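# Here you go, sequence then predicted model.
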Amino acid sequence: MKMRSRYCFYMVLWCVGVFRQAEAQVPVRTVQVRSTPLEEQVGNPAALVGCSRSMAFFDFSGAVIRRLDAAGKATGRYAKAGGGPGELRSFGGMQFDGSCRIWIADAGNSKVMVFDDRWGSVAEFSVQSPVERLAPLAKGTSVLAVPNSVLEMLHLLDANGNLLKKIPFPEDLQTLNPIARSRYLARVNDSLAIVQFRWFDRRVLVNAGGMVVADTKGAGPVPKVIEMSLGGSSRAYRIDPASIEFASNIGMRGDTLMVIRGQPAMKKGELQTRSRIVRILATSGRVLDELEIPVGIQMITATARAVYGIGETEDGYALHELRW
């Protein structure tokens with residue numbers, strides 16, 4: 001009996017050692033980058049998303065959604081501002097579905113709009129609470145959305161915008177300062193979406209019924225929140241950037257989550273020239289590898305043709321095709 005217990009004990013130690021060794025030996029790959037300047041009118045791009053045959057991003061400088069084909073060629077734009085049907089007041093987020101239809105969250109009008117690849121209107125519906133990001137699942141009959149609220153992690157909506165379920169934060173995060181709960185949401189496939197927290201290494205996998213099916217905790221620390229006095233009893237909070245290595249953006253390629261890692265604050269005089277993308281198998285949380293990229297690349301997505309990023313260069317913003 002003692003021999004068996006001792007054997008089990010050493011087997012556990014061996015497994016832990018193998019796991020740590022494997023974790024430490026994540027391959028780092030150098031990425032080949034081919035850059036193409038974006039149109040001169042692009043001034044502040046954000047929210048790059050993609051599907052098999054298309055990409056899109058929002059340009060805050062002109063309140064324009066720009067669409068590209070799978071090779072990065074411009075194919076159209078959407079710039080209807082206002083509060084009427086088919087109009088956008090305050091961009092919240094967007095995502096493609098499995099048919100490459102684009103779903104756009106309008107936080108200002110508390111609605112969601114759906115367009116085909118020629119900007120033809122497919123659907124438009126109001127939502128009970130404004131949403132910032134969304135992931136259409138189950139052929140569009142189920143929508144997971146990040147609400148404009150710190151009380152719930154996600155909302156589950158039906159195809160008409162009706163609120164079906166409020167999905168809470170994991171129990172250990174419910175007491176975390178709300179500013180540290182900032183999160184991204186991406187569609188993995190037609191039945192799963194993934195939440196990636198911005199300020200710490202944590203991912204939650206949610207199905208089309210609003211059920212949490214996996215919760216992966218990374219090894220990094222919870223960020224330090226700094227409290228600031230605004231005078232009197234007023235308080236404000238911010239994240240201490242020197243305390244963490246954060247997720248500055250995410251993208252999907254199949255079932256692989258691509259996380260652009262932001263670096264902690266640099267020491268005075270230091271110049272950072274390289275950043276990295278951590279590729280993670282979304283369904284299991286296993287880290288596949290890390291990709292070294294130029295530090296200017298701020299967003300990432302993929303089409304059937306390649307992985308693309310958008311970043312600022314000395315001559316303006318460019319679309320970067322990444323290969324490794």
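Great, that's in hand. Values in this document were obtained by computation on a predicted structure and should not be read as measured data.

# Is there a neighbour count for the residue lying closest to Gly316 once chain neighbours are set aside? I'd like the number.
Using Cβ to Cβ, 6 or more residues apart in numbering and skipping residues adjacent in sequence, the residue nearest Gly316 is Pro37, 6.2 Å away. C-beta here means a position set from N, CA and C on the backbone, and glycine is covered the same way. Using other Cβ atoms under 10 Å, Pro37 has 12 neighbouring residues.

# what do you get for Ser284?
If you count neighbours by other Cβ under 10 Å, Ser284 ends up with 11.

# Please report how far it lies from Ala56.
29 Å (Cβ to Cβ, to the nearest Å).

# circling back to that earlier point, is it correct that the residue nearest to Gly316 is in contact with Glu314?
No: between Pro37 and Glu314 there is no contact under Cβ atoms under 8 Å: 10.9 Å.

# pLDDT weak spots in the stretch 151-300 of the chain?
241, 243, 263-273 (pLDDT under 70).

# So what pairs up with Asn278 in the strands?
Careful, residue 278 is Val and not Asn. Beta-bridge partners recorded for Val278 (DSSP bridges): Val259, Glu290.

# Could you pull up the contacting residues of it?
258-259, 261, 287, 290 (Cβ atoms under 8 Å, 6 or more residues apart in numbering).

# if you go through the stretch 1-150 of the chain in chain order, where are the helices?
Chain-ordered helices for the stretch 1-150 of the chain, with DSSP state H, counting those that start in this stretch as the definition, fall at 2-24.

# Below-threshold pLDDT in it: ranges please.
Using pLDDT under 70, the stretch 1-150 of the chain drops low at 1-24.

# show me where it has strands.
Taking DSSP state E, counting those that start in this stretch to define them, one finds strands in the stretch 1-150 of the chain at 28-30, 32-37, 45-50, 54-59, 64-69, 74-78, 91-96, 102-106, 111-115, 121-126, 131-137, 142-147.

# The shortest one: which residues count as buried?
For strand 28-30, a neighbour-count test (16 or more other Cβ atoms under 10 Å) marks nothing as buried.

# Parallel or antiparallel, list what pairs with that strand.
Strand 28-30 has the following sheet partners, assigned by DSSP bridges: strand 287-294 (parallel).

# List the contacts of the next helix-or-strand element following the strand it pairs with.
Downstream of strand 287-294, the next assigned helix or strand under DSSP states H and E is strand 297-302. Contacts to strand 297-302, defined as Cβ under 8 Å, 6+ apart, come from residues 45-50, 55, 57, 248-254, 258, 260, 275, 277, 307-312, 320, 322.

# now do stretch 142-154
Here stretch 142-154 has contacts from 92-93, 103, 105, 107, 112, 127, 129-137, 155-159, 166-170, 178, 181, 183, 185, 193, 195, 204, 206, 208-210, using Cβ under 8 Å, 6+ apart.

# about what we covered before: present the contacts of Val278 as a markdown table; the columns should include distance to Val122 and neighbour count.
Formatted as a markdown table, the contacts of Val278 follow (distance: Cβ to Cβ, whole Å; neighbours: other Cβ atoms under 10 Å):
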| residue | distance to Val122 | neighbour count |
| --- | --- | --- |
| Met258 | 28 | 23 |
| Val259 | 30 | 24 |
| Arg261 | 36 | 16 |
| Val287 | 37 | 17 |
| Glu290 | 38 | 16 |
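
# which among those residues gets closest to Ala236?
Using Cβ to Cβ, the shortest approach to Ala236 within the contacts of Val278 belongs to Arg261, at 26.4 Å.

# wait, isn't that closest one in contact with Ser248?
Yes: between Arg261 and Ser248 there is a contact under Cβ under 8 Å: 6.9 Å.

# Now tabulate the strands of the stretch 1-150 of the chain in JSON lines and tack on distance to Leu230.
As requested, the strands of the stretch 1-150 of the chain are arranged in JSON lines below (distance: least, Cβ to Cβ, whole Å):
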{"stretch": "strand 28-30", "distance to Leu230": "43"}
{"stretch": "strand 32-37", "distance to Leu230": "42"}
{"stretch": "strand 45-50", "distance to Leu230": "28"}
{"stretch": "strand 54-59", "distance to Leu230": "31"}
{"stretch": "strand 64-69", "distance to Leu230": "35"}
{"stretch": "strand 74-78", "distance to Leu230": "38"}
{"stretch": "strand 91-96", "distance to Leu230": "27"}
{"stretch": "strand 102-106", "distance to Leu230": "31"}
{"stretch": "strand 111-115", "distance to Leu230": "34"}
{"stretch": "strand 121-126", "distance to Leu230": "35"}
{"stretch": "strand 131-137", "distance to Leu230": "25"}
{"stretch": "strand 142-147", "distance to Leu230": "26"}
